[in-house]
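*Asks:* Quick one: sequence plus predicted model below, questions after.
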Amino acid sequence: MDTKQFENLILQALEHEKGGLQVYQTAIKCAVNDDLREEWEKYLDETRSHVEALTDVCRSLEIDASAQTPGRKIVRHLGGALVEAMEMALKNGTPEEAELVACECVVIAETKDHLNWELIGKCAKKLKGESAKAVTAAYEEVEEQEDEHLYHSQGWCRELWIQSLGMKAVLPPPEERKHVKTAIGASRAQQASERNR
């Protein structure tokens, strides 16, 4: 495994989680649906713990958590663009439109989070000794939460779009009701939502 690229992954994942704090803080301001706001408040708290987990990984692996790399700067820029998009929607659209934009931004952010943690899990299997223990512990703490964040956010986004199109939406989405944490579960929940229309 390329050690330098692994360090880049950890630093970019840390930067993305830090940006995720701003994404969720802004998304919460956009939330119209109380259940969605509550969900995002929970995810904001969990994202704080993800920042701590990655900071601990940096400390354990002697990676400078404050190191600024080109990739990290790009990740910060992308996160800032998501926040800016939500702020534009708040300023220029209806509350429902802003909520929908926020949902899309959360899905984009969580898709990248999900990928980061999937890659971190793969790296953990290649590491040895204390490094493997530190990365595995962080992965095991966070991975299931990231699955939930992604699949539930996709469900919210789909159903809010359906509602905005004037069709019958299932809110909260089935992913929420069924506590989905896998891709298969998300697919089944989406099929259930179609049967409930």
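*Replies:* That came through, no problem.

*Asks:* Now the residue located most distally from the centre of the chain, what are its backbone angles?
*Replies:* Most distant residue from the mean C-alpha position of the chain: G129, 29.1 Å away (C-alpha atoms, centre = their mean). For G129, the backbone dihedrals are phi 60, psi -140 (criterion: degrees, to the nearest 10).

*Asks:* let's number from 26 now, not from 1
*Replies:* Taking 26 as the first residue, the last one we looked at is G154.

*Asks:* Any figure for the gap between it and K193?
*Replies:* From G154 across to K193, the span is 55 Å (C-beta to C-beta, to the nearest Å). C-beta: built from backbone N, CA, C; applies to glycine.

*Asks:* cool, D81 as well?
*Replies:* 45 Å.

*Asks:* So between those two, which is more surrounded?
*Replies:* Shown here are D81 and K193; by other C-beta atoms under 10 Å, D81 has more neighbours (15 against 11).

*Asks:* The strand or helix carrying that one - what's its average pLDDT?
*Replies:* In this structure, D81 is located in helix 59-86 according to DSSP states H and E. Helix 59-86 shows a mean pLDDT of 98.

*Asks:* and the helix or strand following that helix, what other elements does it pack with?
*Replies:* Using DSSP H and E, the helix or strand that follows helix 59-86 towards the C-terminus is helix 95-117. Helix 95-117 sits against helix 28-55, helix 120-151, with contacts defined as 3 or more C-beta pairs under 8 Å, 6 or more residues apart in numbering; DSSP states H and E.

*Asks:* Save those as TSV, and put in distance to Q179 and mean pLDDT too.
*Replies:* TSV is the format used below for the helices and strands packed on helix 95-117 (distance: least, C-beta to C-beta, whole Å; pLDDT from 0 to 100):
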stretch	distance to Q179	mean pLDDT
helix 28-55	14	98
helix 120-151	6	97
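
*Asks:* So what does Q93 have for phi and psi?
*Replies:* Taking degrees, to the nearest 10 as the convention, Q93 sits at phi -100, psi 110.

*Asks:* L190 too?
*Replies:* Torsion angles at L190 (phi, psi; degrees, to the nearest 10) stand at phi -80, psi 0.
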